[in-house]
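K.L.:
Sequence plus the predicted model coming up.
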Amino acid sequence: MKRKEFIKTSSVLMAGSLITPLTSCKEQPKHEIAQNKRTNWAGNYTYKAKNLYEPKSEREVQDLVQKLDKQKALGSRHCFNNIADSPLNQISTRYLNRVVSIDEEEETITIESGVRYGDFSPYIHQNGFAIHNLASLPHITVVGACTTATHGSGDGNGNMATAATALELVTANGDIHTIRKSDGDEFNGIIVGLGAIGIITKISLKLQKTFNMRQDLYQDLPLQSLADHFDDIMSSGYSVSLFTNWQDQKVSQIWIKRILDQEAKDLGIEFYGAKTATKNLHPIISLSAENCTEQMGVEGPWYDRLPHFKMGFTPSSGEELQSEYFVPREHAVEAILALEKKKDLIFPQLLISEIRSIAADSLWMSPCYQQDSVAIHFTWKPNWKEVSKLLPLIEAELSPYNVKPHWGKLFTMDPAVLQSRYKRFNDFLALIKKYDPQGKLRNEFLNLNIFSAT
């Protein structure tokens, strides 16, 4: 077995040129840490946990988990709600940041739980590999993305967690469990675990052969064209994103990301009534595209085209709120048209919406469990008082389509309704009780959205 080991030299790798661009990510202000006031990336949520621990090894994680009472893992802080909070203790994965190994024969990479996508993507590309998809931001941790079923885009692409093949989990008693996808269905319940099963210390991802891409943008797609040709539009590339402010009966922008050797066909100047963009664009048209990944059909590696934002820049200050809702692919057009009727309520609080497709998966708590889905994302102005009034209206409009919210973003859905929409919910509940019988990992988020059924 040809296996490259990096654990002894990874500190050099992590400090080198591959990682340097990410230092511009928004860091927690020192005065907040000193005053024990820790916020998420967006600044909309202040953690209530009294203590923050930053272990530097798996052994240290074990010792902390064993001795502490209520606790929760904390990653890159990109969730917009209290899913990563704890009434007492947070255990940060910040220093668990090593690339452990690449298995070239099995085509997998194993990393520690604090590693972000931008930390290793250029490296595996240089070695001939890629991962199947990326989220809009490369600045989030892999484990955080997997445990909340965060996704990229594409008709044939599952969410980030579908790439996982194995993980090492420290359970509530401090024991380490190695759990592999090949071991059986229990893996499908653990990988999107919402932080309720244990603290993941390592994760392995399936790799594939590397590829180059191009990114083409179109503007002002008529809403009626989207309704008439939705499937054709969403399948026009490896990854397709629609950006809209819900105004003027139009979709503001279409971002089409294509693999060069598979999808070389010229899409033309006009695309279902939309016109080709003549310059690089930001999803929010009034903002500079300087920090966005290269467009205009310019060839580049997968890791520098699949995200919307470059790895070397912070895409925004984080001063925003986010919500996202998943509906079955078959009801996507109906759901979009239903929301369009609320445009006059949505627009005043909106920065931009994004619409993407995600393939079905077999992960118990994934919003895409056994169904191809479309996600309708909202980036809001940081006005929670106003946004909190909008979310119930949006959820009501989408309710006929079996809507599910993104676990790491803002929603107000009734817990009983939310639980009823997950076929394997009771199995997941049993899994939590198996691995955390004393409830050490429970917090307000889990008590409300998961344990309110018990």
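P.N.:
Sure, I can see it. In this text, all values refer to a predicted model and were calculated from it rather than measured experimentally.
K.L.:
what are the ranges of the helices in the stretch 1-150 of the chain?
P.N.:
10-15, 30-34, 58-67, 117-126, 142-147 (DSSP state H, counting those that start in this stretch).
K.L.:
My error: substitute the stretch 251-400 of the chain in the last question.
P.N.:
Ranges of helices in the stretch 251-400 of the chain, per DSSP H, counting those that start in this stretch, are 332-340, 343-346, 384-398.
K.L.:
What helix or strand is residue 219 located in?
P.N.:
Here residue 219 sits within strand 212-222, counting by DSSP states H and E.
K.L.:
what pairs with that strand, and is each one parallel or antiparallel?
P.N.:
Strand pairing for strand 212-222, using DSSP bridges, gives strand 250-259 (antiparallel), strand 274-276 (antiparallel), strand 300-301 (antiparallel).
K.L.:
Pretty sure residue 229 sits in a strand.
P.N.:
No - assessed with DSSP: H, G, I helix; E, B strand; the rest coil, residue 229 is helix; it does not lie in a strand.
K.L.:
wait, it sits on residue 272?
P.N.:
Yes - contact criterion Cβ atoms under 8 Å: residue 229 and residue 272 qualify, at 5.2 Å. Heads up, the C-betas are built off the backbone N, CA and C, glycines and all.
K.L.:
Of these two, which one has the most company?
P.N.:
residue 272 (20 against 16; other Cβ atoms under 10 Å).
K.L.:
can you tell me how far the more buried one sits from residue 119?
P.N.:
Using Cβ to Cβ, to the nearest Å, one gets 38 Å for the distance from residue 272 to residue 119.
K.L.:
show me the contacts for residue 437.
P.N.:
By Cβ atoms under 8 Å, 6 or more residues apart in numbering, the contact list for residue 437 reads residue 172.
K.L.:
Can you tell me which of the strands paired with strand 212-222 is most buried?
P.N.:
strand 250-259 (a mean of 23; mean count of other Cβ atoms under 10 Å).
K.L.:
just for the stretch 151-300 of the chain, where's the confidence low?
P.N.:
The model of the stretch 151-300 of the chain has pLDDT under 70 over residues 262-264.
K.L.:
just the strands in it please.
P.N.:
Counting by DSSP state E, counting those that start in this stretch, the stretch 151-300 of the chain has strands at residues 164-170, 176-180, 199-206, 208-209, 212-222, 239-244, 250-259, 270-271, 274-276, 300-301.
K.L.:
Which one of the ones you listed lies nearest to residue 92?
P.N.:
Proximity to residue 92, assessed across these by Cβ to Cβ, is greatest for strand 199-206 (10.5 Å).
K.L.:
and the closest one, how far from the chain's centre?
P.N.:
16 Å (Cα atoms, centre = their mean, to the nearest Å).
K.L.:
Contacts for that strand next, please.
P.N.:
Contacts of strand 199-206 with the rest of the structure, by Cβ under 8 Å, 6+ apart, involve 58, 61, 65, 71, 73, 91, 93, 96, 100, 107-113, 131-132, 142-143, 146-147, 163-170, 176, 193.
K.L.:
Same list (the helices of the stretch 251-400 of the chain) but as a markdown table, adding mean neighbour count.
P.N.:
Listed next are those as a markdown table, based on neighbours: other Cβ atoms under 10 Å:
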| stretch | mean neighbour count |
| --- | --- |
| helix 332-340 | 19 |
| helix 343-346 | 15 |
| helix 384-398 | 16 |
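K.L.:
possible to save these as TSV with mean pLDDT?
P.N.:
Shown next, in TSV, are the helices of the stretch 251-400 of the chain (pLDDT from 0 to 100):
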stretch	mean pLDDT
helix 332-340	97
helix 343-346	96
helix 384-398	97
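K.L.:
Touching, residue 54 and residue 94? I think so.
P.N.:
Yes - Residue 54 is within contact range of residue 94, at 5.5 Å (criterion: Cβ under 8 Å).
K.L.:
ok, back up a step: to residue 320, which of the helices of the stretch 251-400 of the chain lies closest?
P.N.:
So among the helices of the stretch 251-400 of the chain, helix 384-398 is nearest, using Cβ to Cβ, at 10.2 Å.
K.L.:
The closest one - contacts with which helices or strands?
P.N.:
Where contact means 3 or more Cβ pairs under 8 Å, 6 or more residues apart in numbering; DSSP states H and E, helix 384-398 is packed against strand 321-328, helix 332-340, helix 343-346, strand 373-380.
K.L.:
Contacts only, for residue 244.
P.N.:
So residue 244 contacts 250, 251, 252, 352, 353, 355 (Cβ under 8 Å, 6+ apart).
K.L.:
contacting residues for the residue lying closest to the second one once chain neighbours are set aside?
P.N.:
Of all residues beyond its chain neighbours, the one nearest residue 251 is residue 221 (4.1 Å), with distances taken as Cβ to Cβ, 6 or more residues apart in numbering. By Cβ under 8 Å, 6+ apart, the residues touching residue 221 are 233, 242, 250, 251, 254, 271, 272, 273, 274.
K.L.:
quick one: residue 221 and residue 98, what's the gap?
P.N.:
Distance, residue 221 to residue 98, using Cβ to Cβ: 44 Å.
K.L.:
Likewise for residue 329?
P.N.:
As judged by Cβ to Cβ, residue 329 and residue 98 stand 38 Å apart.
K.L.:
Report pLDDT for the residue most central in space within the chain.
P.N.:
By Cα atoms, centre = their mean, the mean C-alpha position of the chain lies nearest to residue 150, the distance being 2.7 Å. In this model, residue 150 is scored at 96, pLDDT.
K.L.:
Just to check, residue 81 is in contact with residue 45?
P.N.:
Yes - Residue 81 is within contact range of residue 45, at 6.7 Å (criterion: Cβ under 8 Å).
K.L.:
For residue 279, grab the count of nearby residues.
P.N.:
With other Cβ under 10 Å as criterion, residue 279 counts 8.
K.L.:
I figured it was touching residue 294, is that so?
P.N.:
No - judged on Cβ under 8 Å, residue 279 makes no contact with residue 294 at a distance of 11.9 Å.
K.L.:
picking up where we left off before, to residue 373, which of the strands of the stretch 151-300 of the chain lies closest?
P.N.:
In terms of Cβ to Cβ, the element of those nearest to residue 373 is strand 239-244, at 14.0 Å.
K.L.:
So what angle separates the directions of that closest one and helix 332-340?
P.N.:
Angle of strand 239-244 versus helix 332-340, following axes from the mean of the first three to the mean of the last three Cα atoms, to 10 degrees, is 20 degrees.
K.L.:
Strand 239-244: partners in the sheet, and parallel or antiparallel?
P.N.:
In the sheet, strand 239-244 lines up with strand 250-259 (antiparallel), strand 350-358 (antiparallel) (DSSP bridges).
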